[in-house]
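J.: Below are the sequence and a predicted model for it; my questions follow.
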Amino acid sequence: MRSMHLDPFELHRPTSLDATVRLAGDLAGKFDYLAGGTDLLPNYKMHINLRPHLIALDAVPELRGRSLDRLGAMERLADLERDGALRAAYPALADAVSEVATPLVRASGTVGGNLLVETRCFFFNQSYFWRASLGFCLKADGDRCHVVPQKERCYATFSGDLAPALLALDAEVEIAGPTGRRRVPLDALYDPAGDGIRRTKLVPGEIVVAVHLPASARGLRGRYKKLRVRPSYDFPELGVAVAGRWEDGGRVERLRLAVGGAESYPRRFDDLTAELEGGPLTDARVRELGEQVAQRVRPVHNTFLLPDYRRRMVSVYVRRALAEAREGRAG
Ligand SMILES: Cc1cc2nc3c(=O)[nH]c(=O)nc-3n(C[C@H](O)[C@H](O)[C@H](O)COP(=O)(O)OP(=O)(O)OC[C@H]3O[C@@H](n4cnc5c(N)ncnc54)[C@H](O)[C@@H]3O)c2cc1C
Ligand code: SF4
């Protein structure tokens, strides 16, 4: 029987981005990047999708640095949380950071690791023994899904808190890889059309270097509201982020809304929020928006709370997020 101990692996610790990308090319298909390790190492202890090599990112200077424009991928969540200027400029992001896990996890967890956190499912986040006794699933060691019975797609839930907030702020991600560097909207990092197992559009070996925030996102009103069972600790069962600019009781100039924790990728609802731009943010329009978003979101039964409840809570959380953002001061 396999215990909860880590199997042996070889640890590499490159000291530049170029060396990291070169190493990733040499070890293609046989490694994982290791940031804070708060997600990866528990999964390794449960013997989920092990690789023989880990490339630690903590000594790569290009992945560090924090300003209102740029967050290095290796910035720790606890440092973001303590950064008063960042909190004031981006209230939705501040909410999301402070709601990730516990202070201890935030002391090690990083921005990059949070954006790329493994999707979750209660048939997957289990010990090897538990998974073996039920029969493994598509996402690790098996060939079927226990949640939506079929053999093609995994429906594990995207459970990172930062992504919805950063989506609402129009963030971009800087990526480095074998073919050079590129910058894409955060939206384009995730792959809604994929098999749910390979959850991003990163090509093998690519690494997230930083998140960039546009000047237009600074000073937006915003909120991130998170539904979870134990408020001190748990992953999101739903996360709703809003960010916008509007006059009190007046015209909405700009509005973004993103949802995470409900499906296998986080997503924005630009077509729906665009309909509110140019008009007043009345209670009736907010209620209608909440209901429209809830109709589109399709949670499945692979987390603690029932999917129907999570879906109904979408409209509640949209209303709460917008109500609080409306009352809150601009960032
Ligand atoms: C008890 C507990 C509770 C938690 N609750 C929450 C929660 O409420 N909300 C939440 O969002 N998360 C939660 N987490 C998950 C995790 O702690 C956080 O998401 C954290 O931010 C992950 O960052 P990390 O640096 O530790 O990532 P790691 O574990 O080091 O990495 C996560 C994944 O990202 C990859 N990766 C990391 N950095 C890069 C990079 N720069 N480029 C390419 N790939 C990269 C790794 O290879 C790995 O696949 C929880 C974890 C625990 C243990
Ligand atoms: S959704 Fe299905 S394939 Fe994905 S982790 Fe859960 S049981 Fe496995």
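T.: Arrived safely. Ligands and ions are numbered 1, 2, ... in the order given.

J.: Tell me if stretch 37-46 is near ligand 2.
T.: No - on the criterion Cβ under 6 Å from any ligand atom, stretch 37-46 is out of touch with ligand 2, staying 11.7 Å away. From N, CA and C alone the C-beta is placed, and that goes for glycine too.

J.: Dump that stretch to CSV, keeping only the CA atoms.
T.: Provided in CSV are the C-alpha atoms of stretch 37-46 (Å, rounded to 0.1, in the frame of the first residue of the first chain):
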residue,chain,number,x,y,z
GLY,A,37,4.3,24.0,-3.1
THR,A,38,1.1,24.4,-1.1
ASP,A,39,-1.0,22.8,-3.8
LEU,A,40,1.5,20.6,-5.6
LEU,A,41,3.1,18.9,-2.6
PRO,A,42,-0.2,17.7,-1.0
ASN,A,43,-1.1,16.3,-4.3
TYR,A,44,2.3,14.5,-4.5
LYS,A,45,1.7,13.1,-1.0
MET,A,46,-1.5,11.6,-2.4
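
J.: For that stretch, which residues meet the burial criterion?
T.: Along stretch 37-46, these residues count as buried under the neighbour rule (16 or more other Cβ atoms under 10 Å): Gly37, Thr38, Asp39, Leu40, Asn43, Tyr44, Lys45, Met46.

J.: Tell me which residue of the chain lies closest to ligand 1.
T.: Nearest residue of the chain to ligand 1: Gly113, at 2.0 Å (Cβ to the nearest ligand atom).

J.: Now name the helix or strand holding Leu54.
T.: Per DSSP states H and E, Leu54 falls inside strand 53-56.

J.: taking the mean pLDDT, what do you get for that strand?
T.: Averaging pLDDT along strand 53-56 gives 98.

J.: Also stretch 101-119?
T.: So the average pLDDT for stretch 101-119 ends up being 97.

J.: Next, the buried residues of that stretch.
T.: Buried residues in stretch 101-119 (16+ other Cβ under 10 Å): 101, 106, 108-119.

J.: close to ligand 2, is the least confident helix or strand in the chain by mean pLDDT?
T.: In the chain, no helix or strand scores lower on mean pLDDT, DSSP states H and E than helix 128-134, which sits at a mean of 92. No - judged by Cβ under 6 Å from any ligand atom, helix 128-134 stays clear of ligand 2, getting no closer than 9.1 Å.

J.: Follow the chain on from that helix and name the next helix or strand.
T.: Scanning onward from helix 128-134 (DSSP H and E), the first element met is helix 162-168.

J.: C-alpha coordinates for that following helix, CSV please?
T.: C-alpha atoms of helix 162-168 as CSV (Å, rounded to 0.1, in the frame of the first residue of the first chain):
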residue,chain,number,x,y,z
LEU,A,162,-7.2,35.3,-7.6
ALA,A,163,-8.2,34.5,-11.2
PRO,A,164,-11.8,35.9,-11.0
ALA,A,165,-10.6,39.1,-9.4
LEU,A,166,-7.7,39.5,-11.9
LEU,A,167,-10.1,38.8,-14.8
ALA,A,168,-12.4,41.5,-13.7
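
J.: Is any residue of it near ligand 1?
T.: No - Helix 162-168 stays clear of ligand 1 (Cβ under 6 Å from any ligand atom), getting no nearer than 6.6 Å.

J.: same question, stretch 39-48
T.: Yes - counting by Cβ under 6 Å from any ligand atom, ligand 1 is contacted by stretch 39-48 at Asp39, Leu40, Pro42.

J.: Apart from its chain neighbours, what residue comes closest to the first one?
T.: Excluding the flanking residues, the one nearest Asp39 by Cβ to Cβ, 6 or more residues apart in numbering is Val117, at 4.9 Å.
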